[in-house]
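Trainee: Kindly generate the corresponding structure for this input.
(one chain, ligands or ions: 1)
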Amino acid sequence: MKVIRAQSAGFCWGVERAINIARGLASDGGEDRRVYTDGPLIHNRQMMERMEAEGVREVGDYQSQSEIEIDQKNQDEDSVLVVRAHGISPERRQYLKSLDLPFNDATCPDVGIIAGKIKNHARKGYDIVVFGDPEHPEVIGLMGYAEGRGHVVCSLDDVEALPAFSGGVCMVSQSTMFSHEYKALVDRVFEKYPQAQIFDTICGATKERQSGVSDLVEQGAEAIIVIGGRHSANTRKLVKLAESYEKPTFHIETAEELNADIFGRFETIGVTAGASTPEFIIQSVCERLEAV
Ligand code: SF4
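Mentor: Numbers count the residues shown, from 1 in each chain. Got it, this is the predicted structure:
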């Protein structure tokens with residue numbers, strides 16, 4: 001079988017950077033050092049298991065909202081805490097810094113840029129409109145910079161429901177949203193608030209992954225395999241995008257889920273992967289498909 005791999009499949013630079021920070025801290029410490037991450041560092045069970053063996057341990061919750069319980073008695077005094085690529089709110093930062101653990105920030109710089117735009121505009125009195133998933137940790141963190149004037153929208157209906165703001169309006173997007181959906185909402189926001197300051201904050205890595213799916217179709221993929229954690233939001237978005245091309249689309253976590261009976265009927269298959277999918281899994285999937 002011919003396998004076409006998307007040009008930008010797998011770890012984005014922000015996730016890779018966060019992983020390197022956590023791994024570096026683990027290997028630089030003593031044998032008993034624990035590197036605690038405020039929620040899962042990435043949404044990939046296989047990679048998290050590998051990192052756990054290196055001393056990286058998830059604490060807290062997915063949304064970075066719950067109190068962190070660390071067994072202070074059994075904790076090595078060398079242990080440290082790491083913030084994920086998704087980033088956190090100023091309140092969460094204050095809370096984490098109040099814990100008795102050295103604090104390390106692995107927030108993706110692209111998320112930091114969005115937070116900066118929100119902070120600057122909120123300080124000037126703007127209302128802030130964020131296109132994103134209100135339950136996603138990145139959006140929860142970003143809303144913390146809006147000084148109580150943040151509004152999350154995920155649809156045109158949400159934009160219609162926004163009030164008539166008396167001052168300025170600033171609009172940003174969660175870094176991993178679809179560009180075409182953001183554009184549709186931006187057009188409507190401009191109609192409602194002609195003076196709105198709009199920023200395209202969908203990150204470059206996300207755009208590359210999204211255009212990579214259409215490239216696979218253009219190169220003749222008859223079906224598309226998207227590799228990534230079942231709970232990974234950006235992987236699920238890639239699945240939705242691939243399905244929109246009306247190609248058979250398969251979301252898998254590992255090569256073990258490949259069924260030769262199903263994939264044997266295709267001559268050319270496209271492979272892409274979410275931003276939290278490690279290279280060793282992508283390679284094993286491609287190798288297994290090539291052998292079909
Ligand atoms: S998806 Fe984009 S914003 Fe998010 S961690 Fe990766 S590079 Fe950073």
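Trainee: so how far is Ser179 from Lys192?
Mentor: 21 Å (C-beta to C-beta, to the nearest Å). C-betas here are computed from N, CA, C, even on glycine.
Trainee: Let me fix that, I meant to ask about Asp110.
Mentor: 15 Å.
Trainee: same question, Val213
Mentor: Relative to Ser179, and taking C-beta to C-beta, Val213 is found at 12 Å.
Trainee: When these two are compared, which one has more neighbours?
Mentor: Remark: of Val213 and Ser179, Val213 carries more neighbours, 27 against 13, as counted by other C-beta atoms under 10 Å.
Trainee: ok, that one - contacts?
Mentor: 6, 224, 238, 241-242, 245, 270, 272 (C-beta atoms under 8 Å, 6 or more residues apart in numbering).
Trainee: Give me the buried subset of these.
Mentor: The neighbour count (16 or more other C-beta atoms under 10 Å) marks 6, 224, 238, 241-242, 270, 272 as buried among those.
Trainee: can you tell me how far the residue of the chain found nearest the ligand sits from Thr206?
Mentor: The nearest approach of the chain to the ligand comes at Gly14, 2.5 Å away (C-beta to the nearest ligand atom). Computed as C-beta to C-beta, the Gly14 to Thr206 distance reads 10 Å.
Trainee: Look at Gln63 and report its pLDDT.
Mentor: pLDDT, Gln63: 89.
Trainee: what sits against it?
Mentor: By C-beta under 8 Å, 6+ apart, the neighbours of Gln63 are 39, 135, 137, 140.
Trainee: Can you list phi and psi of it for me?
Mentor: Phi and psi for Gln63, reported as degrees, to the nearest 10, are phi -90, psi 0.
Trainee: on that earlier part again, I believe the residue of the chain closest to the ligand is in a helix; please confirm or correct that.
Mentor: Yes - assigned with DSSP: H, G, I helix; E, B strand; the rest coil, Gly14 falls within a helix.
Trainee: Let me see the contact set for it.
Mentor: So, once contact is read as C-beta under 8 Å, 6+ apart, Gly14 ends up touching 85, 108-111, 203, 205, 275.
Trainee: still on that earlier bit, so what's in contact with Gly14 and Thr206 at the same time?
Mentor: In contact with both Gly14 and Thr206: Ala275, using C-beta under 8 Å, 6+ apart.
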